[in-house]
Structures are given as structure tokens and as C-alpha cells.
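*Asks:* next one to model:
(one chain, ligands or ions: 1)
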Amino acid sequence: MDYLTEINEASSLDALDRLRVELLGKKSRIATSFAALRDLPPEERQVKAAELNTEKEALTQAIERKKAELQEGELQTAIAKEAIDVTLFEAREENGSLHPISRAMEEIIEYFLQMNFELRTGPLIEDEFHNFEALNLPKYHPAREMQDTFYMNDGMLLRTHTSPVQIHTMLGAKPPFKMIAPGAVFRRDYDLTHTPMFHQVEGLVVAEGKQISFANLKHIIIDFLTHFFGNFPVRFRPSYFPFTEPSAEVDVGCIFCGGAGCRMCKNTGWLEVLGCGMVDPNVFKAVGYENVSGYAFGMGVERLATLKYRVGDLRSLYEGDLDLLEQFQ
Ligand code: DAH
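*Replies:* Numbers count the residues shown, from 1 in each chain. Next up is the predicted model:
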């Protein structure tokens, strides 16, 4: 029986089904032969019917067997195709990326360099004169307690802010100048928004006479914050720093809620981002400057970065969590 060979050679389930219709369907030879049985004399009819049934049974079985075989074949092909070789070494190229703190730092520095500020650095280990006294924070000044200082045995300390670079700069340069001092600072602090080491960028502008005014300060700060955060309102709030007079803290309209009030801005609609003011005469006196004016500002890089990149827990940035850091490609 040739049909059996044909069935065995069917190359796919579709081809097999077409064959099934052809061999056993309503218009097949077997179906017509069954229909023709009634025209046969009874004794012949019985013999012929038995023959047809045997043939139909053989074909049906052959088709079922082939069908099972083809299905198994397709399954194996699919399994083989989808298989994952877990032992295969994948030479994936992973791109590193700048840490969000470095990125924010670079962005801040770039802005001020473009504004003709020069870059200054100072030591991480300071003495009391540079970190406190010259900045109008005498020994028993209560403002020293705002800063939880790491002291060393020899009376030196880890700088608590970048403001001492103001002192180094003024002691070694003559006005006029515009400088920024980025770098690490240290305080005994650890919670959602504080780590014992963090970064600040200090700014100082000094010129002879009364050339520098609060308006100059306001202009540069508003322009910088607009560059950094985009178009959010900026406000100056009267505040106190020992090294500036008058002093202000600067807020931007909350970038999370647009000023409506939320958890991030503690329902005030504002986020505090930096401190600034006109350099206090006592600071100029400490470095021997006379007849000059200037402004200064200081900002926390972590604070700016976590706001800009919307990081809830500052500490997470220092845990080396690649899943987190990879989001800042
Ligand atoms: N040094 C201050 C701090 O660590 C920040 C600061 C405020 C710096 C006002 C300034 C300034 O230069 O004018 O919190």
C-alpha cells in the first residue's frame, strides 16, 4: 500500500493533515467506496466492507503514529532552539558610568569655570584657625556645635566644610579673584540625608572697594540653580553664618511636587539647596584684607545630586549597589 509510505514521508503536521483529508475525508476514495457498498449484492458487500474497514483502520493508525512522531519532532526542535547554555561565557560589554556624585560635581564645576571662576583645593586635614577661627568662629562660639567635628589627637581635625579654602586662597592671593573649591568634607553624622564624608563646593568672589554686591551674588546663584535644576523658582531666605553678613539660605521650588507640598519638601513647597552671603568683615580682618568686598557660597553636592536624580536614601549611593548605580548611565 503506497499510501502508507506517503504518510511516513509526510514532512510536517500540515502536510500530514492534508494527506488525512485526501485519504479519509468525505471525498476520499475510501469514503466513496463505502458509499458504493449499498449497490453491491449482500455477500460481496460484507467482504468489501471488511476490506475497506481494514484499510481505513491501517491508514488511521499510520496517520496517528506519524502525527505523534511529527509532534515529538517539533517539540524537540523547539526545546533545542530555546535551550540556554548556562556554561557559555558571554563576552558582554559593560559600560562603566560616572558615579552620580561625580557627575553632579563635574556639572557644578563646569558651570563656574565657564563663569571664569578658578579652581582651588585645600587639605582635608585642617587646623582650627583655617576651619573655624579665621572664619569668625572663635573657640567657644556656639556655632561650632552645629558641626560635629572629627578631631585628631594633635589638635588637627578633618575639615567640616570647604570654607577653609577661602582662607587659604585669601592668604595666598590678591583680589580681585573668583574661585570655587570643590572637595570632600567630614562630619559625625549618619542618616537618610547625611553620611560622615560628603562633598561641598565653596565659592568666593573678592574685589577692591565696594565693587561686589548682594545683587552679584543673587545673580550668579539664580543662574547656576537654573542651569542645574531647570526652571524652578529660587528664593533667598535670611539666615545666619558666622563667615557672612548678611547671610542667606537659598531654596528652589520643590522639584518633586512643583511647590504644592510633599514629603520631600516637608510640605513647605521649597527645598533648601545652599548657603551664601556677603563675606563678614571679621573674615577679611583675619586674612589682613582691607577695603575689599566679596560674597561667598557653599553647597552640598550630595544634597544637589540626590534632589536632581531623585535618590531617596543618600547612603545607598555609597553602598556600591550596581543595580542602583547602573541607572545613572
Ligand atoms: N560652610 C557652610 C556649611 O558647611 C556652607 C556655607 C554657607 C558656605 C554660607 C559659605 C557661605 O561660603 O557663605 O554649611
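
*Asks:* which other helices and strands does the biggest helix by length in the chain contact?
*Replies:* Identified as the longest helix of the chain according to DSSP state H is helix 42-82. Under the contact criterion of 3 or more C-beta pairs under 8 Å, 6 or more residues apart in numbering; DSSP states H and E, helix 42-82 touches helix 2-8, helix 13-24, helix 29-36. No exception for glycine: its C-beta is placed from N, CA and C like everyone else's.

*Asks:* that helix vs helix 29-36, what angle?
*Replies:* Note on geometry: by axes from the mean of the first three to the mean of the last three C-alpha atoms, to 10 degrees, helix 42-82 and helix 29-36 are set 150 degrees apart in direction.

*Asks:* pull the residues that contact the helix or strand following helix 42-82.
*Replies:* Next helix or strand after helix 42-82 toward the C-terminus (DSSP states H and E): helix 100-114. With C-beta atoms under 8 Å, 6 or more residues apart in numbering as the contact definition, helix 100-114 has outside contacts at 98, 119, 180, 182, 199, 201, 203, 224, 227-228, 299, 301-302, 304-305, 308-309, 311, 317, 325, 328.

*Asks:* is helix 100-114 positioned near the ligand?
*Replies:* No. For a cut-off given as C-beta under 6 Å from any ligand atom, helix 100-114 has no contacts with the ligand; the smallest distance is 13.3 Å.

*Asks:* the helix or strand following that helix pairs with which strands?
*Replies:* Secondary structure here is assigned by DSSP H and E; on that basis, the next helix or strand after helix 100-114 toward the C-terminus is strand 118-119. Using DSSP bridges, the strands paired with strand 118-119 are strand 177-186 (parallel).

*Asks:* what does the stretch 151-300 of the chain put close to the ligand?
*Replies:* H161, S163, E202, F241, T244, G275, C276, G277, A296, F297, G298.

*Asks:* what's the neighbour count on the residue of the stretch 101-250 of the chain found nearest the ligand?
*Replies:* Ranking the residues of the stretch 101-250 of the chain by distance to the ligand (C-beta to the nearest ligand atom) places H161 first, at 3.2 Å. Counted with other C-beta atoms under 10 Å, the neighbours of H161 add up to 24.

*Asks:* that one reaches E126, doesn't it?
*Replies:* No. Taking C-beta atoms under 8 Å as the contact criterion, H161 and E126 are not neighbours in contact, 9.7 Å apart.

*Asks:* of all the residues in the biggest strand by length in the chain, which ones are buried?
*Replies:* Selection of the longest strand in the chain by residue count, based on DSSP state E, yields strand 197-208. By neighbour count, with 16 or more other C-beta atoms under 10 Å as the criterion, the buried positions of strand 197-208 are F198, H199, Q200, V201, E202, G203, L204, V205, V206.

*Asks:* OK, contacts around the fifth one?
*Replies:* I take that to be E202. By C-beta under 8 Å, 6+ apart, the contact list for E202 reads H161, T162, S163, V165, Q166, I180, A181, P182, A296, F297, G298.

*Asks:* for beta bridges, what are the partners of it?
*Replies:* Here E202 shows beta-bridge partners A181, G298, assigned using DSSP bridges.

*Asks:* what about whichever residue of the chain sits closest to the ligand, how many neighbours?
*Replies:* Proximity of the chain to the ligand (C-beta to the nearest ligand atom) peaks at G298, 2.3 Å away. For G298, the tally of surrounding residues (other C-beta under 10 Å) stands at 22.

*Asks:* could you report the pLDDT at it?
*Replies:* At G298 the predicted local confidence, pLDDT, stands at 98.

*Asks:* kindly report the same for the one 5 residues further on.
*Replies:* Per-residue confidence (pLDDT) for R303: 92.

*Asks:* spatially nearest residue to it, not counting backbone neighbours?
*Replies:* With sequence-adjacent residues excluded and distances taken as C-beta to C-beta, 6 or more residues apart in numbering, R303 is closest to V273, at 6.4 Å.

*Asks:* what is the host helix or strand of that neighbour packed up against?
*Replies:* In this assignment (DSSP H and E), V273 forms part of strand 270-279. In terms of contacts (3+ C-beta pairs under 8 Å, 6+ apart), strand 270-279 is packed against strand 197-208, helix 214-229, strand 234-241, strand 244-253, strand 292-300, helix 301-308.

*Asks:* buried set for stretch 130-143?
*Replies:* Residues of stretch 130-143 classed as buried by neighbour count (16+ other C-beta under 10 Å): H130, N131, F132, A134, L135, N136, L137.
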